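In: Just the structure for this:
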Amino acid sequence: MVELFEGDIYRDLKERGFTEQEIQQVINPNYTTNQNYQPANTIFSPSVDNNNLVQFQLELNDILERIEHILRGDKLTFSEGREIWIRCEENEKRLFNDEGVAEIMGIITMEINRNTILSNFDEKTIRNTVFDLGVRLNDLIFMKYEKFGLDNPDKRKNYSMVLGNIIDMVRATYYRALEGGERLSLREARSVTQNEVINPYETINLKNKRRSVFDVFGGR
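Out: Numbers count the residues shown, from 1 in each chain. The predicted structure is shown next:
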C-alpha cells in the first residue's frame, strides 16, 4: 500500500504553488493565524470556514463524526434542513459501548485522513486495502463483541449493516485518491480561484465554470 506522509504532502503542495498558510492548514487542522480562535468542543466537530473550498474539500471530520454517531447508535433527525443527531442515552440500546467506539474509531482514523485522500492509488490497491480493512474489522469485533457492548441479540442483528456502512465510507474516501484525483482537483480549484481574483471583471464562460465547481467535489 502506497502512503503519502506529511513531509511528502508538504513538498508536493509547495511545488504546486500553495502558500505556507494553506499548507499548514492542510497538514495541521488546528493551525490558525487568528489568536482569538477557539477550538471546537469535540474531536470531530467541523472547524472549517465553508467559504474556503480547499479547506472544505480536505475536511474529513464530518465523515468521522458520522461514523462515531453510527457506532454509538445515535438517531439522525432533520430540523429546518439541518442534520441533528440525538444521543442514545439508554445503554441497552446503544450499539457499541465507549470502549468499542474508541477502539474502532482509532482504526478508522488511520484510514480516513488527509494522507489517504492526497495519495495516489490505483483501483486494485484500493479494492485490496478496503477488503483487508473489512476483514480485520470483522475479526476484531467478532473476537471482542461482548467487551465492545454487543451483549444482546438485538444489537448483534445490526452489526453487519453498521460494518457495511463504515466500509462503504472508507471505500469512498479511498476512491477520492484514485489516480491522484483529489490532488488534481485541488490544483484546478486553486487555479480557478486565482484567476477570479486576478481578473475579477473578466467575463467567465459559465459552462466551464460550472464544470470546475463540480470538479472541486470530485465530479466528472
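
In: I'd like to know which elements the helix ranked longest in the chain is packed against.
Out: Secondary structure assigned by DSSP state H gives helix 123-144 as the longest helix of the chain. Counting contacts by 3 or more C-beta pairs under 8 Å, 6 or more residues apart in numbering; DSSP states H and E, helix 123-144 packs against helix 98-108, helix 159-175. In this view, the C-beta of every residue, glycine as well, is placed from N, C-alpha and C.

In: That helix to helix 159-175, inter-axis angle?
Out: Helix 123-144 and helix 159-175 meet at an angle of 150 degrees, taking axes from the mean of the first three to the mean of the last three C-alpha atoms, to 10 degrees as the criterion.

In: could you point out which element follows helix 123-144?
Out: helix 153-157 (DSSP states H and E).

In: Check which residues of that following helix are buried.
Out: residue 155 (16 or more other C-beta atoms under 10 Å).

In: what's in contact with the longest helix of the chain?
Out: Under the contact criterion C-beta atoms under 8 Å, 6 or more residues apart in numbering, helix 123-144 has outside partners 1-2, 100, 103-104, 107, 111, 121, 148, 150, 159, 163, 166-167, 170-171, 174-175, 177-178.

In: Weed out the non-buried ones from the residues you listed.
Out: Judged by 16+ other C-beta under 10 Å, buried ones among the contacts of helix 123-144: 100, 103-104, 111, 121, 148, 150, 159, 163, 166-167, 170-171, 174-175, 177-178.

In: what's the helix or strand for the nearest residue to residue 76 once chain neighbours are set aside?
Out: Nearest residue to residue 76, sequence neighbours excluded (C-beta to C-beta, 6 or more residues apart in numbering): residue 85, at 5.8 Å. Secondary structure assignment for residue 85, by DSSP H and E: strand 82-86.

In: pull the CA atoms of that strand into PDB?
Out: Output of strand 82-86 as PDB, limited to C-alpha atoms (Å, rounded to 0.1, in the frame of the first residue of the first chain):
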ATOM      1  CA  ARG A  82     -30.200  20.600   9.200                       C
ATOM      2  CA  GLU A  83     -29.000  17.300  10.500                       C
ATOM      3  CA  ILE A  84     -29.400  16.700  14.200                       C
ATOM      4  CA  TRP A  85     -28.000  13.600  15.900                       C
ATOM      5  CA  ILE A  86     -29.900  12.600  19.100                       C
END
